[in-house]
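> This is a predicted model, with the sequence first.
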2 protein chains.
Amino acid sequence: MDIRQSHTVKMDGRKMIELTGVMQVDRFDSTEFLLETVMGKLKIRGTGLKMKHFDTGKKEAAIEGRITAFMYVEGGFGKSFFKRST
Amino acid sequence: MDIRQSHTVKMDGRKMIELTGVMQVDRFDSTEFLLETVMGKLKIRGTGLKMKHFDTGKKEAAIEGRITAFMYVEGGFGKSFFKRST
């Protein structure tokens, strides 16, 4: 497999997620990140989320905060996929 | 932090998830795993999911298959939380 196409997610204690294979951050706020990864669109939900690190060259990202969920989304980022609690 | 209470999730290429801090596997099938972790109930969704490894002593688990989502669930495991596509 082409190393540029690899995609990994490491979460430590629901307070930090480190990702590789991230091509783009579409948008984010403190409760939701929408990322484009080499393996599809990825939605990360939580509370108090912050962008800790993002490097387009290395395709790396790190997000801090209380992690609730992450989900790969086929097609577009519809808000109906997750019910927003806020 | 007590090492026995640590909880990590490592996913590689949407085809394998390795977890620590797993106390119990409540139930699973090829599309859904319901785990009790030291940081809450965790639901993992995907297709072709298989239990690769589970060690209650070490609190470790590994799941193979195509990963779609994982989500921490407050309270019980209601099926309404995720819409089942099957």
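Noted; the coordinates are in hand.
> Show me which residues of chain A are close to chain B?
A:1, A:6-14, A:39-40, A:45, A:67-72 (Cβ under 8 Å from any Cβ of the partner chain). For every residue, glycine as well, the C-beta is placed using N, CA and C.
> what about 6 Å?
With the criterion set to Cβ under 6 Å from any Cβ of the partner chain, chain A comes near chain B through A:7-14, A:39, A:68-69, A:71-72.
> now these as a markdown table including neighbour count?
Converted to a markdown table, these look like this (neighbours: other Cβ atoms under 10 Å in any protein chain shown):
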| residue | neighbour count |
| --- | --- |
| A:7 | 21 |
| A:8 | 17 |
| A:9 | 25 |
| A:10 | 16 |
| A:11 | 21 |
| A:12 | 15 |
| A:13 | 17 |
| A:14 | 20 |
| A:39 | 17 |
| A:68 | 21 |
| A:69 | 19 |
| A:71 | 18 |
| A:72 | 17 |
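> Which members of those are the farthest-apart pair?
The widest separation within the residues of chain A next to chain B, taken as Cβ to Cβ, falls between A:13 and A:39 and amounts to 24.0 Å.
> Listing partners with orientation, what would you give for the lengthiest strand in chain A?
Here the longest strand in chain A is taken by residue count, with DSSP state E as the criterion, and it is strand A:40-55. The strands beside strand A:40-55 in its sheet (DSSP bridges) come out as strand A:32-37 (antiparallel), strand A:60-73 (antiparallel).
> low-confidence ranges in chain A?
Regions of chain A meeting the criterion pLDDT under 70 cover residues A:1-4, A:76-86.
> got the buried residues for the helix or strand harbouring residue A:18?
Of the helices and strands defined by DSSP states H and E, residue A:18 is found in strand A:16-20. Judged by neighbour count using 16 or more other Cβ atoms under 10 Å in any protein chain shown, the buried positions of strand A:16-20 are A:17, A:18, A:19, A:20.
> Would you mind pulling up the elements that it packs against?
Under the contact criterion of 3 or more Cβ pairs under 6 Å, 6 or more residues apart in numbering or on different chains; DSSP states H and E, the helices and strands touching strand A:16-20 comprise strand A:8-12, strand A:60-73.
> Residues contacting that strand, please?
A:8, A:9, A:10, A:11, A:60, A:61, A:62, A:63, A:64, A:67 (Cβ atoms under 6 Å, 6 or more residues apart in numbering or on different chains).
> which of those residues lies closest to residue A:53?
Of all these, residue A:53 sits closest to residue A:62, with 3.9 Å by Cβ to Cβ.
> thought that closest one was touching residue A:51?
No. With contact defined as Cβ atoms under 6 Å, residue A:62 does not reach residue A:51; the gap is 7.8 Å.
> Those two: who's more crowded?
Taking residue A:62 and residue A:51 together and counting by other Cβ atoms under 10 Å in any protein chain shown, residue A:62 has the greater number of neighbours (16 against 13).
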